[in-house]
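Asks: next input, structure requested:
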Amino acid sequence: MLSIDRTKNFTPGDFQDNRLNTVVFNGRQKLPWDFSLAVNTYFRHLATESVVFGQTSTTRDEPNIESQGGALQLTQDTRMGSRRNVLSLGVEYNHNDIGDVGYSISGFPFRNSRETRQNTNGLYLQDSFDVSPKVTITSAFRYDLDRMSFTDRIDPSNSGAKKFKRLSPRAGIAYNPVPALGFYYSYSEGFRTPTSDELFAQGAFTSNPNLKPVKSKNHEGGIRGRLGGWGEGTLAFFQSDVRDEIFFVFTDPVEFTGLNENIEKSRRRGIELSLKAHYGDQVDGFLNYTYTEATFETDVTVSGPAPTFSQTIQKGDTFPLVPKHRVGGGANYHPGAGWTMGLTGSHVGSQFMLNDEANQNERLKPYWVFNSKLAYERKVSGGTMTASLTINNLLNKKYETSGIIATNNRTGLVEPFLVPAGGIGAYANLSYRFEGL
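Replies: Numbers count the residues shown, from 1 in each chain. Prediction:
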């Protein structure tokens, strides 16, 4: 189908209608003794109506989410002689009411009518201290407490409540032997609680209220430096060791039942390189490169394509849709006051597709794509006016951004389903920014 008509939809008819209302308040107040107090509060309501047409099914979903909460942070930025110390203490509170009604018409029809109430609380403390003019150390911790209650109006046996809590530390050091050169290292731990959808199943699937939170131990180190008077660069190394990643597993492919389970170990690690340069006031540019390894670090069986609906992952297999190589670069030319002419390009390496965690099938092909921009900015009475013209996919490159290995029910074959990128497109923008209000 892609070779005949890249705009054709294999299963047409999907639509989604979102209605979002948000109110946010931010405030900051200076206090005596080098203290300051910052506050953030918000209210958000999101109502969604979506319909998805599959090869043999139609699924309708109408989630309704109301959220409110806020954060309060007290900061002291002071000096002890020539040494600076920044101390921050903060608290957070968030409440979510999530209602969801939906159904599916297929060989395995189901109906959903669910409600989730969630309260999350956070407390954090961080201190950054200049040990010397060349060395700064940072230490911090964060405590999270997440309470969740779930009600299934159709099958009350699925209803339940969960509580998660964890203390996560963070520490780092920065060393600047000279003003133009710096080294740094940081260690932190991450924590993500399972969502209500992961804990409590939809349709014919099985709930797993015993899911563990996803946890990570993160390392990052690098070098930052200025390159004469014409540029700057950074080189960073990172690694994140993850425990209890959540994946879906079919327990009975014939009856089409399954549940979410924790995977013991996985890892992301890589290198990031960034360069920025300029030549006078007329030309500037940048270049970024990222190398990423995202691998499973344990043998495990998870869901897969037909006919077995399962696949065995071996230690070292790569996560789908994570390219090892990414390159980005661009240059801007300023021919006169307010004018900018720019060209950017990006390269994305090959990727394994979704539903191919065992890395047994063909990959998405790598691609290059180029964009261009012409902009003019001018100060006018009371503000700044900007006009721009952007052309995306300048060379009208034909490439795919995503893909999944699945069964084609029209042919019975297991094959890739690809998501094509848009062709060349032009976008015009005119904006006015008020100043002095």
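
Asks: contacts, neighbours, all on C-alpha from now
Replies: Noted.

Asks: which SSE is the residue nearest to the spatial centre of the chain in?
Replies: The structure's the chain has its C-alpha centroid closest to V322; by Cα atoms, centre = their mean the separation is 12.5 Å. Under the criterion of DSSP states H and E, V322 resides outside all helices and strands.

Asks: so what's it closest to, chain neighbours aside?
Replies: Closest residue to V322 in three dimensions, ignoring its sequence neighbours and counting by Cα to Cα, 6 or more residues apart in numbering: Q351, at 5.9 Å.

Asks: so the one you found touches H325, yeah?
Replies: No: with contact defined as Cα atoms under 8 Å, Q351 and H325 do not form a contacting pair (9.5 Å).

Asks: and for S82, the neighbour number?
Replies: 9 (other Cα atoms under 10 Å).

Asks: same thing with the one 10 residues further on?
Replies: Residues contacting E92 under the criterion other Cα under 10 Å number 18.

Asks: that one and F25, how far apart?
Replies: 15 Å (Cα to Cα, to the nearest Å).

Asks: could you do T298 as well?
Replies: In terms of Cα to Cα, T298 sits 45 Å off from F25.

Asks: the more surrounded of these two?
Replies: A direct count of neighbours by other Cα under 10 Å for T298 and F25 places T298 higher, at 14 against 10.

Asks: so what's the residue nearest to that one when sequence neighbours are not counted scoring on pLDDT?
Replies: With Cα to Cα, 6+ apart as the measure, K315 is the residue that lies nearest to T298, at 4.7 Å, once sequence neighbours are left out. According to the predicted model, the pLDDT of K315 comes to 94.

Asks: how about the one 5 residues further on?
Replies: pLDDT recorded at P320 is 94.

Asks: now do the SS call for it.
Replies: The three-state assignment at P320 reads coil, by DSSP: H, G, I helix; E, B strand; the rest coil.

Asks: okay, now the closest residue to K134 other than its chain neighbours: neighbour count?
Replies: Spatially, and ignoring its direct neighbours in sequence, K134 is nearest to N176 (4.9 Å; Cα to Cα, 6+ apart). Applying other Cα under 10 Å, we find 17 other residues in the vicinity of N176.

Asks: quick check: N176 vs T344, distance?
Replies: When Cα to Cα is the yardstick, N176 and T344 sit 32 Å from each other.

Asks: how about G172?
Replies: Applying Cα to Cα to G172 and T344 gives a distance of 34 Å.

Asks: ok, now E49?
Replies: Relative to T344, E49 is positioned 37 Å away (Cα to Cα).

Asks: who's more crowded, the two?
Replies: The neighbour comparison of E49 against T344 (other Cα under 10 Å) goes to T344, with 19 against 16.

Asks: give me the beta-bridge partners of N392?
Replies: Each beta-bridge partner of N392 is listed here: G425, as defined by DSSP bridges.

Asks: tell me the pLDDT at it?
Replies: pLDDT, read off for N392, is 96.

Asks: contacting residues around it?
Replies: Residues in contact with N392 (Cα atoms under 8 Å, 6 or more residues apart in numbering) are 370-372, 423-426.

Asks: what about 6 Å?
Replies: Going by Cα atoms under 6 Å, 6 or more residues apart in numbering, N392 touches 371, 424-425.

Asks: same thing with V327?
Replies: If a contact means Cα under 6 Å, 6+ apart, then V327 has 288-289, 346-347 as its contacts.

Asks: in three-state terms, how would the residue nearest to T298 be classified?
Replies: At K315, secondary structure determined by three-state DSSP is coil.

Asks: dump the residue contacts of it.
Replies: Contact criterion Cα under 6 Å, 6+ apart gives 296-299 as the residues in contact with K315.

Asks: how close does it get to S266?
Replies: From K315 over to S266 the distance is 9 Å, taken as Cα to Cα.

Asks: and for those two, which residues touch both?
Replies: Common neighbours of K315 and S266, counting by Cα under 6 Å, 6+ apart, are 296-297.

Asks: after the strand or helix carrying T59 comes which helix or strand?
Replies: T59 is located in strand 58-80, with elements delineated by DSSP H and E. The helix or strand immediately downstream of strand 58-80 is strand 83-105, counting by DSSP H and E.

Asks: distance from that next one to the middle of the chain?
Replies: For strand 83-105, the distance between its averaged C-alpha position and the chain's averaged C-alpha position is 15 Å (Cα atoms, centre = their mean, to the nearest Å).

Asks: and if you look at stretch 142-162?
Replies: Per Cα atoms, centre = their mean, the centroid offset for stretch 142-162 relative to its chain is 25 Å.

Asks: Q16 and V52 touch, don't they?
Replies: No: the pair Q16 and V52 does not pass the contact test of Cα atoms under 6 Å, sitting 8.6 Å apart.

Asks: if anything else comes up later, I'll come back, but that's it for now.
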